[in-house]
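Engineer: For reference, the sequence and a predicted model appear below.
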Amino acid sequence: MSLIIHKVGILDTIQHFGMKGLQSKGIRPGGVMDQFSASIANALVGNKLNEDLLEIHFPACEIIFTKSCLISIVGAHFSAKLNEKYLPLNRPILIPTNGKLQFVAPKSGRIVYLAIQGGLVGQGRLIKNSEIAFKKKPKLNTSSLHIFPWSADVDWQKYSPEIHVIQGREWERLNEESQRKFCCKPFKLSHHADRMGYRLQHEPFHTRTKEEIISSAVNFGTIQLLPNGQTIVLMADHQTTGGYPRIAHVISADLPKLAQKSPGDEVVFHLTDQETAEKEWAAQQKHIRQIQNISQLKLDEFFQKNSNQL
């Protein structure tokens, strides 16, 4: 059983949740850009939170489902349609056999996640005109679309410009004026923004010294100061080491919000501390687990009541 990519998108992939513990060997983690939305998408269809799923950019792919299945669409609003009927975000959706899914117009956000109950085969693969196999054979069989009446609360300030950061190892290399500008001036996301990094537009920053640094470890969310005084935020497909000053790091809880920014969007950085960053991350993970638990209960109840019809 599979889904068919009827039309290829610009940068759509089957994504995992990052390969941990291999950076010392020069292997970048990769994985989803917006872990919050991807986790919620999986939770809504009863998957484990880190199940492989589709990461979709715009212009997006068109998909034909060869078998009924349960899906969810979370993240950016790309005006999803199934057989000309618009679909909502953040809900489980029962797709009929031979349903055709399209994303017709970007409304907000940058990346959308499509989770399918049971998962997909082909981790990390760029989507092409071909079939994508389901990991598990769907047991559903319906000829009509069913949109579940309940949705997940995913309003995690994802469209707010405020991004919290902690100071990086080379923060003190910035002169005082540049430190002040970093913390209060709005930046714009440039058009040089992809899965490797988001470049920001702003007045050039200046350092107290021109001394170079030894290449050191970097991570998803590291903010590097480039030789021209501009900055780049490293994203999911970042390199494993870098030789530019690491002036700050975006806290993990705000990485999903940053990932959904599009070129031209504003970003305002606010300094915080490690303890606060950990509390925000823990609160976000608790929210995801609550959605997962509630979703599983509601899905079990629905399928028990409708077992004879599906």
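Structural biologist: Looks like it arrived, so ask away.

Engineer: residues touching the residue nearest the centre of the chain, list them.
Structural biologist: The residue lying closest to the centre of the chain (CA atoms, centre = their mean) is D34, at 1.8 Å. Counting by CB atoms under 8 Å, 6 or more residues apart in numbering, D34 makes contact with G75, I111, Y113, L255, P256, A259, Q260. Where you see a C-beta, it was placed from the backbone N, CA and C, and this is true even at glycine.

Engineer: repeat that for 10 Å
Structural biologist: 40-41, 55, 74-76, 109-113, 158, 236, 255-260 (CB atoms under 10 Å, 6 or more residues apart in numbering).

Engineer: Which pLDDT value belongs to L255?
Structural biologist: We have a pLDDT of 97 for L255.

Engineer: cool, and the one 4 residues further on?
Structural biologist: A259 carries a pLDDT score of 96 in this model.

Engineer: Tell me how many other residues surround it.
Structural biologist: A259 has 28 neighbouring residues, counting by other CB atoms under 10 Å.

Engineer: any idea how far G197 is from it?
Structural biologist: Counting by CB to CB, to the nearest Å, the gap from A259 to G197 is 12 Å.

Engineer: Only the buried residues of stretch 164-175, if you could.
Structural biologist: Judged by neighbour count using 16 or more other CB atoms under 10 Å, the buried positions of stretch 164-175 are H164, V165, I166, Q167, G168, E170, W171, R173, L174.

Engineer: what's the answer for stretch 134-148, then?
Structural biologist: Residues F134, P138, L140, T142, H146, F148 are the ones in stretch 134-148 that count as buried (16+ other CB under 10 Å).

Engineer: what's the span of stretch 219-238 from first residue to last?
Structural biologist: 7 Å (CA to CA, to the nearest Å).

Engineer: Likewise for stretch 207-227?
Structural biologist: Stretch 207-227 end-to-end distance (CA to CA) = 10 Å.

Engineer: just stretch 115-127 next, same as before
Structural biologist: 15 Å.

Engineer: so for it, what's the average pLDDT?
Structural biologist: Mean pLDDT, computed over stretch 115-127, is 83.

Engineer: Show me how far that stretch is from its chain's centre.
Structural biologist: 15 Å (CA atoms, centre = their mean, to the nearest Å).

Engineer: cool, and stretch 121-137?
Structural biologist: The chain centroid and the centroid of stretch 121-137 are separated by 19 Å, computed with CA atoms, centre = their mean.

Engineer: ranges for the helices of the stretch 101-250 of the chain?
Structural biologist: Here the stretch 101-250 of the chain has its helices, by DSSP state H, counting those that start in this stretch, at 176-184.
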